[in-house]
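*Asks:* Here is a sequence with its predicted model. Questions after.
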Amino acid sequence: MNEIVETVQPRLVAVIDVGATSIRMMIGQVGADGDISHLEVLSQPVALGRDSFVHGEIRRATIEDCVHVLNIYKNKLSLYGITSESDLRVVATSAVREASNRLAFLDRILIATGFDIEPFDESRLHRVTYLGVKPILDDHPHFLGGQTIVCEVGGGSTETLFLNDGQITNAQTWRLGALRLTLSLDSVDSLAARTRHLLESRISPTVNQIVASINPDKPRQLITMGSEMRLVARAVLARSVEKLETIDVSLLSQFIREIMKLSPDQLVTRYQLSIQESKTLGPALLINQMIAKRLEVDQIHIAEVNMRDGLILEMTTGGSWVGNTVEQVAGNAIALGRRFDFDERHAVQVAKLASQLFRSTVALHRLPEQWEIVLQVAALLHEIGLAINERSYHKHSAYIISNSTLFGIGARELLLISLVARYHRRALPQLGHEGYNLLNQNERVVVSKLAALLRIAKALDAGRNQLINELKAFLRGNSLIVEVPGATDLALEELEMRRQQDLFEYVFGRNVELTHAVELE
Amino acid sequence: MHNYPEPGDRFFNRELSWLEFNQRVLGEANRQETPLLERLKFLAITGSNLDEFFMVRVGGLMMQLLGKPNTAGIAGLLPREQLTLIRQRALTMVSDQYRTLEQLLAKLDKTGIHRLRIDELNESQLAHLQWQFHETLIATCSAIAVRDINDFPSMIGARLGVCFRLRGEDLEAIVNPGKKNKSNGSSNGPADDGERFVVVPIGRLVNRMMSVPMADGVGLVMTEEVIAHFGDHFFPGQTVLEALPFRTSRNADVDVDVEGAADLLDGMQQLLQSRNMGDCVRLEVDDNASDSMVEFLQSCLEIGDEETYRVHGPLDLTAWFRVASMQGFREHKFEPWPPQPVPGYQTGDDIFAFIAAQDRVLVHPYDSYNPVVDLIKAAAVDPKVISIKQTLYRTSNPSEIVDALQVAADAGKHVTVILELKARFDERRNIDWARKLERSGVDVIYGVRGLKIHAKICMIVRRESTGVFRYLHLGTGNYNESTAKLYTDISLLTRNEKIGNDVVNLFNAITGLSVPQPMHVLTAAPLNLRERFYQLIDVEMVSASKGRKAAIRAKFNSLADEGMIERLYSASQAGVKIELNVRGICCLKPGVPGLSDNIRVVSVVDRFLEHMRIYHFLHGGDNLTFISSADWMTRNLDRRVELLVPVLDPACARRVNDVLGTGLNDNQHANQLQPDGSWKTISGKLPLHSQRLLYEQACNLNKLDPTRSGIALSPRRRTASG
């Protein structure tokens, strides 16, 4: 037999990030072993942040500047043959998100360049930031003990991730950015001592909020990201910097003192910055330094990664959740559940069974794997509404979920999770229901399918005693057979399942049967 | 307490240092063991060098005298003082040049090449010349009557002419038929007593020498002497009272940005705009010229005795290039040292596979330049190649590289050429082929505003089965196939990923696709090359101060940057051993007690023009080795796009270091700079002739190449690289 060996060409992918001060593009190459190498990194300054933060909207001239830059990038992409949508992500952050004419902006870009820009909400940003920094955390296990704060000061906002013993406990975006800050002091263009005082007084309240959730008795480590901190690393260490560098906070303070004596022009020539960068360098570093001081750390870690790295990683894994990101999201959901004093063992068990069901019924539901996390989080949180009232608690659960912040979960996903939780009991989905009426047809189907699986999973722990360790599910005739080897006395579960399979039958057109025995094929 | 020299005494003057370089070239013309025609060529080089020096540097100083007369150079000399010293030095040099010429002509005479003066010719030879004069010269040369300075022909650059003093009637009608006589009532013309002056400029295309039949060999007569002799044929009915060949050198028609004079002319844009750059900076005449003729020329050219050079012999030494390169006379020329094939590679092999296997260093002109040309030619037709980006500074004409780029663009590849139009004297040529490239669809970028692109880089992006790779050529020399046979340079061929990333960033920045991104292994001027050199020197200083070994060795063309020299002084004082092989200008004073005890400077002048730039830092035993396009001159560090490229592959670094060491140890064609600015020949018990040694090494490497043994048969298959 002839064997045909196909060589798999390394995949080329690209990410374009439409930010507050510049549009950046990274072109990466994904090797056969999954290794990602950077082929090109481009950056062009744009005034999106200035427009959006000062005027509330993006000016026409700026929109055309963006079109120009994106068309240059488009040519570059075609050179590499990157044309497929699956190989390219174009995302925008706070400057576009906050602009009142963002839809006009997105439409104009689509018409002029063909790029469908995805405005990133905070949770998406947290998720890809975490993905970007994760390889560094994995390579340096000391970050997985105690409290680790990951911080990126951007043009429009500051993003923080808190890890407690390696588990993300909090992810936040603060309206404190280097450009936003600079613009707020626009009349003052030199960074003399008086300005520094002014800056510190503006930064201080947010920094107080940022560090509020820190446990002062546990050790802390600070990882910073962003081009300004990398500049400090290069200047202070006087060599090319590695993926992760560590400097003393005192050195950072000294560096800030020195650069604050320099005019923007001097900064431009000394550090090869653009005029815009020269104005935001001081404020960006000051925010980092103040966070470090309030955390009372002596050293500051500087990571040479960014959101674009995370996006590329996400793309290379087919848009699905990567590695322990799932665990991080689940952990974060459990932390939320605990705040509402939920039945954790039951919630975790339902989530586990729901996942197993999801995986063993792929042929039936045909949903991509990224929906598993939605089901899982809905399973973890389906009962938190009990904290308000047992009556209609599924509606309270939905309300609490949709008004919470969960690490890595975007607004749309949060809405879907809340609806899946809502439909774990009682009424079947109806177009008149709040939230459900906002969904498109595909999303409505997804919610129905996931809620149907959740009802079965919940039924399988009806006794709240976690009797079932694992399950298998397969189709036989018109039925889905759920086989639970080794389990005994499942009368309550069987009863409950019969009661809860109406949605399943409605969605999949099949009934569900529970069996104890080992089925012979 | 330190007793360092005062700031004004810490540096050699840049111009005087350059003149010493030219003197060393002249030394090669006086070297007895060098073949005769090669000696003549060295002499012609000194002439050509001096011309350029006057037009650019002296011209610049004269402009500075007008605009910023109180601005001193790094050695503390004002423009006026520098011009005085330059004249003193140049006078001695010119007299050395002509003494050398006299000696060489005597030797040429014995080989059958006879330089003849008009009064030495017999009748038949004179008749032959007269025939030639009528056939060629009278039609190509025109006579211009000069009444006052406004009539004087412009004669751009360095040009020869013959000035005639005539007596006779109606001269104007003769030389400018149809033009009416000017009113002479108020004329202050240079000669108003019936005598007239006429100038015959000699065009660039006119041969500098005319041959006459000889029984034994070749007889050569200088063309200006022929014109002077038969000048009366231009002016029938006039009496030629005197005929004087002369040569003028004009301030080069330069931009402020142009190399050479930019440091002098910094901030003088307005003056430059308001003034004609074509002012005369030098007048050369025969030392027998009459005072009245010289005074007439001086008044027309608005110069005085300080700009006038009376020479003892035929004007314009560059004329001898032609004689030096005459066909035949092999015994009077260097034994040929043909570039050697590069081991493991011959034209037709898969150049990509050759580079992919390991980094390659080529040492030109000992190693052939073909692999570089082949790389670009192969890229042009290789279906896997996506794009080619390259800088072009001074290229040869015709150029296989330019042709290949055109082929690539025709084949639909994305080709970007970053072209530097300001390479002086080459502009016309550049513009012609740039248009040609543009017509083929090459994206031609005409430099970056305010910066000359001097880095020599070619990047070929190739999509292979295992990924996208960047094949790079990084060099110290221009992409010029002709000079690659005459200049010593280093080529690095690599597909190193880190270097590739930095080169991509640099190209994206130059072509305006991105703001400059931080570089990781390369260093570029004007971004941070100066700082990087400072850091590297500082590291050696720290090592030395802690009692560890510290050393800097480098080879480049010129050292004139004040900051860099001061840093080297500090390093020397800290105990760092510094050895520099500087071909040309060196403003650093080596071996001065308390200032630069640990610095040694040598200079090699030999058959190939030393052009490679190599920098080596001990760096605590890391032995960091770099090649670069940059000298340690202010213009390289601050006003040009230059690259410092680490040689990362250990074998390549070893070879580059060997080349560096060989040059530093030369004791045959090397001179050592003394604390007083003089240069002394170096001698050693064991002769070490660096260029010969490097040539022999290249031959040996080639002989040892198993693929060329002639025994092992190596079937050539289509390689499956990529």
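*Replies:* Noted; the coordinates are in hand.
*Asks:* residues making contact with stretch B:514-532?
*Replies:* A:22, A:41-45, A:230-231, A:234, A:240, A:272, A:274, B:451, B:455, B:496, B:498-499, B:501-503, B:505-506, B:508-509, B:563-564, B:630, B:636-646, B:648 (Cβ atoms under 8 Å, 6 or more residues apart in numbering or on different chains). The way it works is simple: take the backbone N, C-alpha and C, and place the C-beta from them, glycine included.
*Asks:* Can you list the buried residues in that stretch?
*Replies:* B:514-530, B:532 (16 or more other Cβ atoms under 10 Å in any protein chain shown).
*Asks:* if we can go back for a sec, list buried residues within the contacts of stretch B:514-532.
*Replies:* With neighbours counted using 16+ other Cβ under 10 Å, the contacts of stretch B:514-532 contain these buried positions: A:22, A:41-45, A:230-231, A:234, A:272, A:274, B:451, B:455, B:496, B:499, B:501-503, B:505-506, B:508-509, B:564, B:630, B:636-646, B:648.
*Asks:* And stretch B:210-220, how far out from the chain middle?
*Replies:* Its chain's C-alpha centre and that of stretch B:210-220 lie 33 Å apart, by Cα atoms, centre = their mean, to the nearest Å.
*Asks:* Hmm, I typed the wrong one, I wanted stretch A:150-166.
*Replies:* Its chain's C-alpha centre and that of stretch A:150-166 lie 12 Å apart, by Cα atoms, centre = their mean.
*Asks:* same deal with stretch A:375-383?
*Replies:* 18 Å.
*Asks:* Could you list the residues in contact with that stretch?
*Replies:* So stretch A:375-383 is contacted by A:326, A:329-330, A:333-334, A:336-337, A:342-343, A:346-348, A:350-351, A:354-355, A:358, A:393-394, A:397, A:400-401, A:406, A:409, A:417-418, A:420-421, A:424, A:450-451, A:453-454, A:457-458 (Cβ under 8 Å, 6+ apart).
*Asks:* and what of stretch A:240-256?
*Replies:* A:136, A:139-140, A:223, A:230, A:232-237, A:282, A:285-286, A:288-289, A:292-293, A:297-305, B:518-521.
*Asks:* ends of that stretch, how far apart?
*Replies:* Stretch A:240-256 has an end-to-end distance of 20 Å (Cα to Cα, to the nearest Å).
*Asks:* What parts of chain B come near chain A?
*Replies:* Taking Cβ under 8 Å from any Cβ of the partner chain as the contact definition, chain B meets chain A at B:386-387, B:414, B:461, B:463, B:465-468, B:497, B:501, B:504-505, B:508, B:513-521, B:527-528, B:535.
*Asks:* From these, which land in helices?
*Replies:* For the residues of chain B next to chain A, the ones inside helices are B:497, B:501, B:504-505, B:508, B:535, with DSSP state H as the criterion.
*Asks:* Which pair of those residues spans the longest distance?
*Replies:* Distance extremes for these: the farthest pair is B:Asn508 and B:Gln535 at 24.9 Å, using Cβ to Cβ.
*Asks:* Now do the strands in chain A.
*Replies:* Secondary structure of chain A (DSSP state E): strands at A:11-18, A:22-30, A:36-45, A:88-92, A:118-119, A:147-153, A:158-164, A:167-174, A:220-225, A:244-248, A:299-303, A:472-476, A:479-483, A:511-515.
*Asks:* Can you say which of the contacts of stretch A:240-256 are buried?
*Replies:* A:136, A:140, A:223, A:230, A:232-236, A:282, A:285-286, A:288-289, A:292, A:297, A:300-305, B:518-521.
*Asks:* and A:Ile275, what does it touch?
*Replies:* A:264, A:268.
*Asks:* What number of residues are in the vicinity of B:Gly475?
*Replies:* Residues lying near B:Gly475 (other Cβ atoms under 10 Å in any protein chain shown) number 28.
*Asks:* From B:Leu643, how far off is it?
*Replies:* From B:Gly475 over to B:Leu643 the distance is 10 Å, taken as Cβ to Cβ, to the nearest Å.
*Asks:* any shared contact partners between these two?
*Replies:* B:456-457, B:629.
*Asks:* how about these in a markdown table, adding neighbour count, pLDDT and distance to B:Ile138?
*Replies:* Shown next, in a markdown table, are the shared contacts of B:Gly475 and B:Leu643 (neighbours: other Cβ atoms under 10 Å in any protein chain shown; pLDDT from 0 to 100; distance: Cβ to Cβ, whole Å):
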| residue | neighbour count | pLDDT | distance to B:Ile138 |
| --- | --- | --- | --- |
| B:Lys456 | 25 | 93 | 47 |
| B:Ile457 | 24 | 96 | 51 |
| B:Ser629 | 27 | 95 | 48 |
